[in-house]
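A.B. asks: Kindly generate the corresponding structure for this input.
(4 chains)
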Number of protein chains: 4
Amino acid sequence: MMKPIRVTVWNEFRHEKEIGEVSKVYPQGIHNAIGDYLKKLDGVTVRTATLDEPEHGLSEAVLAETDVLIWWGHMAHHEVRDEIVDRVYGRVQAGMGLIVLHSGHASKIFRKLCGTESGQLKWRVIGEKERLWVADPGHPIAAGLKEYIEIPHEEMYGEWFGIPAPDALVLISWFEGGEVFRSGCCFHRGKGRIFYFRPGHETFPVYHQPEILQVIGNAVRWAAPVEGPVLTSGNTQPLEHIMENHVEGRHF
Amino acid sequence: MMKPIRVTVWNEFRHEKEIGEVSKVYPQGIHNAIGDYLKKLDGVTVRTATLDEPEHGLSEAVLAETDVLIWWGHMAHHEVRDEIVDRVYGRVQAGMGLIVLHSGHASKIFRKLCGTESGQLKWRVIGEKERLWVADPGHPIAAGLKEYIEIPHEEMYGEWFGIPAPDALVLISWFEGGEVFRSGCCFHRGKGRIFYFRPGHETFPVYHQPEILQVIGNAVRWAAPVEGPVLTSGNTQPLEHIMENHVEGRHF
Amino acid sequence: MMKPIRVTVWNEFRHEKEIGEVSKVYPQGIHNAIGDYLKKLDGVTVRTATLDEPEHGLSEAVLAETDVLIWWGHMAHHEVRDEIVDRVYGRVQAGMGLIVLHSGHASKIFRKLCGTESGQLKWRVIGEKERLWVADPGHPIAAGLKEYIEIPHEEMYGEWFGIPAPDALVLISWFEGGEVFRSGCCFHRGKGRIFYFRPGHETFPVYHQPEILQVIGNAVRWAAPVEGPVLTSGNTQPLEHIMENHVEGRHF
Amino acid sequence: MMKPIRVTVWNEFRHEKEIGEVSKVYPQGIHNAIGDYLKKLDGVTVRTATLDEPEHGLSEAVLAETDVLIWWGHMAHHEVRDEIVDRVYGRVQAGMGLIVLHSGHASKIFRKLCGTESGQLKWRVIGEKERLWVADPGHPIAAGLKEYIEIPHEEMYGEWFGIPAPDALVLISWFEGGEVFRSGCCFHRGKGRIFYFRPGHETFPVYHQPEILQVIGNAVRWAAPVEGPVLTSGNTQPLEHIMENHVEGRHF
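C.D. replies: The predicted structure follows:
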């Protein structure tokens, strides 16, 4: 029997508490909207964590038991403490999966993992139509989808998006107002796999839409850690017969 | 007439001053060994900069006039001030080319641009043979090479090397003692292009070897900035006819 | 002084002769519209070739003197003889650049180089607006562009486009009617580099638009051959000292 | 409950019948050595097929029931009928996984899927040592491995290997005699995923080595088809409100 994938859904959880129209869309918070869906999947266990908990809910213990971390943040990226960012970063390098949602593009953790100014993009909130077209139809994250996902009303994000070229580009968005966006992007960092997924503005019920939840569920399975090699580094012995004909050299 | 490519060769420049056997190999420092070669190329101008100069020789003014920065560091990575690292980082995002040499793999700037622990690798200094095999023979950085470059005595670097998958893999090293290494790696970050090039231990005369200098020269031309689009970001107007049928939405 | 880049612009050249409205847009043929622009560039020489010439204008001699081949075809892909396709294919593997335009996506040569059914896409001809957004602003093919190119009236091409993931994705199209498309795609094949560029329906004056011609000119410079290594293959001698401890083995 | 992955192991099966020393290593043929291992895996069913069966054992019916096809061939690539190659090719585009082993690099099907002369490489049979280093330790195909796999005696394959840059590079080989090789390479073609895996010369017991079999088993799971979107192509309707302001245009 396969071990369950242990997911932690992290949410800044401020908009929902401070702004009435957001709390109407996500009365239990975005983290619970997503978490409630994931709980129904076979072989997935779910917990949530939020910014205002101690250590933002991301203690060493919690992260040690997290296979895939989902991240939604927006207005308080700067409040996330650097030591927690470094902790998450270290876990990703060690193999933890990370799914970054929507405005999480500008989070400290995603910028640090990109090595670029991933906060850079165009935006607009007029509730225009979005279509996310599948660009890699054989990718596991596209399982169960149609050729495109249509979101009737969304915030627009437009290129240029300040990310490195993704290792796989699964979804490309079209927006009614004239823009495109790389909306479903896979990255490998260390032993960890990262999926950036664009949809999800807090004033639209995007995380109640079945296809969007399906993508998040697919991404959880795709990003789950692999039991790859234990990696060593540092000074290393050569094959034996090589030692005989070596020359002098020093390492300072 | 084409504008010249303005190169700054940055060197930590400590080994050469502190260790006799290094100063014999590079009496004017590694930066000048490389710089002297580049000065002979058409359409390239060269300056050098070192750690112990004010602002490490990398003032705003110097970087503003640098098209491609070459980086060699080793024993004093931690002495490079974070504000200078951020300055170089910003310039790369804006389009400056960066060539990271050998032990520069563990520099602050390369780790920040990778989004990984690029300091992670195996090493050994017994002066063994290295062969750098061309893996992408149509790449501009492979111009003028034979199928492989042989270095008679070098420090070994072995996988796993903690980098993201490069956007192009130009050279793969073979080492006598049993290891391989991704030795010529291209990355795009923002508008800037980065080339990591493995050879160059300070106790071996690697930067006097013509093929090695040829690769560095090729990489300078490849990494030179492109006059691409002026990028804008933030709140953006839609195509006009879209405005008519928009719905309410707010951005907090 | 640099050697000139020798370009051959190949055009099927049937629409222009058979259909009045096309001949009004391209009275000298699409090949000459593009060729006339390229002739004005420094360091570029141009010839043209068309389907109905002997050997489709692509004799061994012509291809031997071609650094970059530009390909436009549409209604007569099946009339291109397989031996000429194989000849072009061989030249690309050996380093010749290839720029495939618009409906050339379904040509024999592009399908053969893709290893996929690149003819597969959606299309529509209602003269809708297209915007080609720059996705890789530091790429040489984006030189001199703004953030997007707008074409007022074009044929739509929509995903899914049956290509392998490109080695670099430079341009992504937005279409008024609801689709997106990977419109500027780089591929490496053998020592050759290939650029697929989407715009160019024969009933719209797309190849008279300056930004479109600029991209084609940029792509010519990017795809020009590199003097990389002479490649060898087959049975190969090992390093000498290895021979001593080899075991028996045979190759049938 | 998950559907089983249906594997067909295809083998040319000539060496084993014609050459005594090969038949000693693989008395039941290479296909059965691999198939017997795969049969022990959970959720995998196995059949075999060989060149000299009718339709090479790859009838429409067999391929329709194959999720992942494994391919070993060497001396008789030219005897594989083009119509069968086209059939396999079509199935890969439609989503079937394909694992190409060792000398299968020069098979018609792999060359057609690469779009390059993948037969091009260096080789040598002196039974030298090979080490396959893991270059992507978080990749599913690296599950359960150590940092490298050592094969005590193998045929050497050396760069340059005439493939396109793989979508993921999982393993890089080191050979005692001085060469390196991209030995574990992932490609996407259409909806299908392809893994090229280098080891496996017919005179060495490579397919009895547990780590080699582990990689093949991992690759089977990785390459298994995904139920992605049903893809459509051809003339496509636009969003309705766009129709109002279209201009004339024709598609010939």
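A.B. asks: going forward, measure contacts between C-alpha atoms and count neighbours the same way
C.D. replies: Fine.
A.B. asks: Give the burial count for A:W174, as a bare number.
C.D. replies: Close neighbours of A:W174, defined as other C-alpha atoms under 10 Å in any protein chain shown, add up to 31.
A.B. asks: element containing it?
C.D. replies: Counting by DSSP states H and E, the element that carries A:W174 is strand A:168-175.
A.B. asks: Is there proximity between that strand and chain C?
C.D. replies: Yes - where contact is defined by C-alpha under 8 Å from any C-alpha of the partner chain, part of strand A:168-175 touches chain C, namely A:A168, A:I172, A:S173, A:W174, A:F175.
A.B. asks: And the last one, how far from A:C185?
C.D. replies: Per C-alpha to C-alpha, to the nearest Å, A:F175 is found 18 Å from A:C185.
A.B. asks: circling back to that earlier point, pLDDT averaged over the strand holding A:W174 - what is it?
C.D. replies: Average pLDDT, strand A:168-175: 98.
A.B. asks: Just the CA trace of the top strand by length along chain A, in CSV.
C.D. replies: Of all the segments assigned as strand in chain A under DSSP state E, the longest by residue count is strand A:122-134. These are the backbone C-alpha positions of strand A:122-134, laid out as CSV (Å, rounded to 0.1, in the frame of the first residue of the first chain):
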residue,chain,number,x,y,z
LYS,A,122,0.7,43.0,-15.3
TRP,A,123,-2.7,42.8,-13.6
ARG,A,124,-6.2,44.1,-13.8
VAL,A,125,-9.4,43.4,-11.8
ILE,A,126,-12.5,43.9,-14.0
GLY,A,127,-13.7,40.3,-13.8
GLU,A,128,-13.0,39.5,-17.3
LYS,A,129,-13.1,36.0,-18.9
GLU,A,130,-10.0,33.7,-18.7
ARG,A,131,-9.3,30.6,-20.6
LEU,A,132,-6.4,28.4,-19.5
TRP,A,133,-5.3,26.3,-22.5
VAL,A,134,-3.5,23.0,-22.1
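A.B. asks: Next, the angle strand A:122-134 makes with the next helix or strand after that strand.
C.D. replies: In the C-terminal direction, the helix or strand that comes right after strand A:122-134 (DSSP H and E) is strand A:148-158. Relative orientation of strand A:148-158 and strand A:122-134, computed by axes from the mean of the first three to the mean of the last three C-alpha atoms, to 10 degrees: 160 degrees.
A.B. asks: Show me how far the strand holding A:W174 is from its chain's centre.
C.D. replies: Mean-position distance between strand A:168-175 and its chain equals 15 Å (C-alpha atoms, centre = their mean, to the nearest Å).
A.B. asks: Run me through the strand neighbours of that strand, direction for each.
C.D. replies: Strand pairing for strand A:168-175, using DSSP bridges, gives strand A:122-134 (antiparallel), strand A:180-189 (antiparallel).
A.B. asks: What mean pLDDT does the longest helix belonging to chain A get?
C.D. replies: Scanning chain A for the longest helix, with DSSP state H as the assignment, gives helix A:210-223. Average pLDDT, helix A:210-223: 98.
A.B. asks: Give me the angle between that helix and strand A:148-158.
C.D. replies: Using the same axes, to 10 degrees, helix A:210-223 lies at 80 degrees relative to strand A:148-158.
A.B. asks: neighbouring contacts of helix A:210-223?
C.D. replies: A:5, A:7, A:34, A:37-38, A:41, A:68, A:96-99, A:140-145, A:149, A:192-195, A:199, A:206-207 (C-alpha atoms under 8 Å, 6 or more residues apart in numbering or on different chains).
A.B. asks: What are the buried residues along it?
C.D. replies: Applying a neighbour-count criterion of 16 or more other C-alpha atoms under 10 Å in any protein chain shown, the buried positions in helix A:210-223 are A:211-223.
A.B. asks: Can you list the low-confidence ranges for the stretch 1-150 of chain A?
C.D. replies: For the stretch 1-150 of chain A, the stretches flagged by pLDDT under 70 are A:1.
A.B. asks: sorry, back to before: A:F175 and A:C185: which has the busier surroundings?
C.D. replies: Neighbours were tallied for A:F175 and for A:C185 using other C-alpha under 10 Å; the higher tally belongs to A:F175 (27 against 22).
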